[in-house]
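Enquirer: just coords:
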Ligand SMILES: Cc1cc2nc3c(=O)[nH]c(=O)nc-3n(C[C@H](O)[C@H](O)[C@H](O)COP(=O)(O)OP(=O)(O)OC[C@H]3O[C@@H](n4cnc5c(N)ncnc54)[C@H](O)[C@@H]3O)c2cc1C
């Protein structure tokens, strides 16, 4: 276990925002977490942080940040159709996906290049190109910081929703590892009908072929590279806002003024792309000193250099207010403000 005091978090959040935390602890697994429990670390202010790809630090964090450094992968079950793999929370999700693809294990290729730890993937129920973590997560192993016990939660118990899970409302659980059910050749369930994924694949691709997972991963990498800023170059947390889900009456009202407005029927209403609303309100590519709205994707707020969390948050609040004024719709952040 490694412990740092007055730790600088600039390199631990993809916005690249400077902020200090009182203590930063890299832990390797359950035994370390038990030790921290015995030391009463969880009786005071604390939080789990993976890659910090969905966090906005507004000021210093007066508490302890714990960060998993556990990186083991174990195959728990295997048959000719699929396999069950347990991956530790500290693994970089895309490293795992790259390895899965090269092993011919299918199910997560559409999630390629999402900046995330494996531990945060079920917390956020990360999703891209028609696939979400919930589609492959079979069980999640957690440490309960209230009593120092461990628990295993089934997919159903995780209560997955759109960028949501039981873990969001229950931060007392630290994800230790995740069990993922992945498919083997001839049993892959490919998801190609989201956005321009299918048209980005080579015209002569064989969907039964050996290279199909790699072709899909490569296409996703290309699309994302064209559309999203690389946190190594431009600080961001990806989509800053969630897509609002509204009643049909709201859709009908807006269609009068915006007949080309995109909207999608969901179980609980109609989803309107927040990026479309933000673009229509004129924010795309807008720059405000240290912060801006990414010119290729208006859902993404970026650190143009030297931004504080407050600069980003102020811009976000201005966007929320303008969408409310123009469309009468409330949009809310997907990004987690710390402290909130
Ligand atoms: C350029 C870019 C593109 C992105 N694209 C996508 C996308 O396509 N789809 C998508 O879904 N998201 C996307 N995101 C958002 C981000 O990648 C996800 O939210 C990701 O899951 C965050 O992972 P993390 O490890 O950085 O978690 P963090 O940001 O560190 O934490 C996120 C939440 O998870 C909790 N957490 C972290 N680790 C643990 C743990 N071990 N146990 C319990 N709780 C934990 C934290 O407390 C926090 O509440 C993007 C972000 C960026 C910067």
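Expert: Right, received. Where do you want to start? Note that this is a predicted model, so its numbers are computed, not measured.

Enquirer: show me the contact partners of the one helix or strand in the chain whose mean pLDDT sits lowest.
Expert: Here the helix or strand of the chain ranked lowest by mean pLDDT, DSSP states H and E is strand 264-266, holding a mean of 91. The list of residues contacting strand 264-266 from outside it, by CB atoms under 8 Å, 6 or more residues apart in numbering, reads 245, 270-271. From N, CA and C alone the C-beta is placed, and that goes for glycine too.

Enquirer: give me the next element, helix or strand, following it.
Expert: Once strand 264-266 ends, the next helix or strand along the chain (criterion: DSSP states H and E) is strand 269-271.

Enquirer: from the contacts of strand 264-266, pick the one nearest the ligand.
Expert: Nearest to the ligand out of these is residue 271 (CB to the nearest ligand atom; 14.9 Å).

Enquirer: measure how buried the closest one is and give me the count.
Expert: Residues near residue 271, counting by other CB atoms under 10 Å, number 18.

Enquirer: list the contacts for it?
Expert: 243-245, 263-265.

Enquirer: tally of neighbours for residue 154?
Expert: Look at residue 154: counted by other CB under 10 Å, it has 11 neighbours.

Enquirer: so it is in contact with residue 141, correct?
Expert: No. The criterion here is CB atoms under 8 Å, and residue 154 misses it with residue 141 at 11.3 Å.

Enquirer: and this protein, what are its domains?
Expert: Taking automatic domain parsing as the reference, the chain has its domains at 2-68, 73-227, 235-338.

Enquirer: start to end distance for the first one?
Expert: I take that to be domain 2-68. Between the opening and closing residues of domain 2-68 lies a distance of 11 Å (CA to CA, to the nearest Å).

Enquirer: could you give the mean pLDDT of that domain?
Expert: The average pLDDT for domain 2-68 rounds to 97.

Enquirer: can you give me the strands in the stretch 151-300 of the chain?
Expert: Counting by DSSP state E, counting those that start in this stretch, the stretch 151-300 of the chain has strands at residues 173-183, 235-239, 245-246, 264-266, 269-271, 287-288, 291-293, 300-303.

Enquirer: contacting residues for residue 158?
Expert: 122, 134, 137, 140, 165-167.

Enquirer: how near is it to the ligand?
Expert: 12 Å (CB to the nearest ligand atom, to the nearest Å).

Enquirer: for residue 69, same thing?
Expert: Taking CB to the nearest ligand atom, one finds residue 69 at 11 Å from the ligand.

Enquirer: is it true that that residue touches residue 33?
Expert: No. Counting by CB under 8 Å, residue 69 does not reach residue 33; the two are 12.0 Å apart.

Enquirer: overlap in contacts, these two.
Expert: In contact with both residue 69 and residue 33: residue 27, using CB under 8 Å, 6+ apart.

Enquirer: which element is the closest residue to the ligand within the stretch 1-150 of the chain on?
Expert: Nearest residue of the stretch 1-150 of the chain to the ligand: residue 50, at 2.2 Å (CB to the nearest ligand atom). Residue 50 belongs to no helix or strand when elements are defined using DSSP H and E.

Enquirer: any idea of the mean pLDDT for stretch 243-261?
Expert: On average, stretch 243-261 scores 96.

Enquirer: contacting residues for the closest residue to residue 52 other than its chain neighbours?
Expert: In space, and not counting its chain neighbours, residue 52 is closest to residue 13: 3.3 Å by CB to CB, 6 or more residues apart in numbering. Residues counted as contacts of residue 13 (CB under 8 Å, 6+ apart) are 19, 52-53, 55-57, 237.

Enquirer: would you mind giving these as JSON lines with distance to the ligand added?
Expert: Output for the contacts of residue 13, formatted as JSON lines (distance: CB to the nearest ligand atom, whole Å):
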{"residue": "19", "distance to the ligand": "13"}
{"residue": "52", "distance to the ligand": "5"}
{"residue": "53", "distance to the ligand": "3"}
{"residue": "55", "distance to the ligand": "4"}
{"residue": "56", "distance to the ligand": "9"}
{"residue": "57", "distance to the ligand": "10"}
{"residue": "237", "distance to the ligand": "5"}
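
Enquirer: now, the most widely separated pair of those?
Expert: Across those, no pair lies farther apart than 19 and 53, at 15.1 Å, counting by CB to CB.

Enquirer: cheers, nothing more for now.
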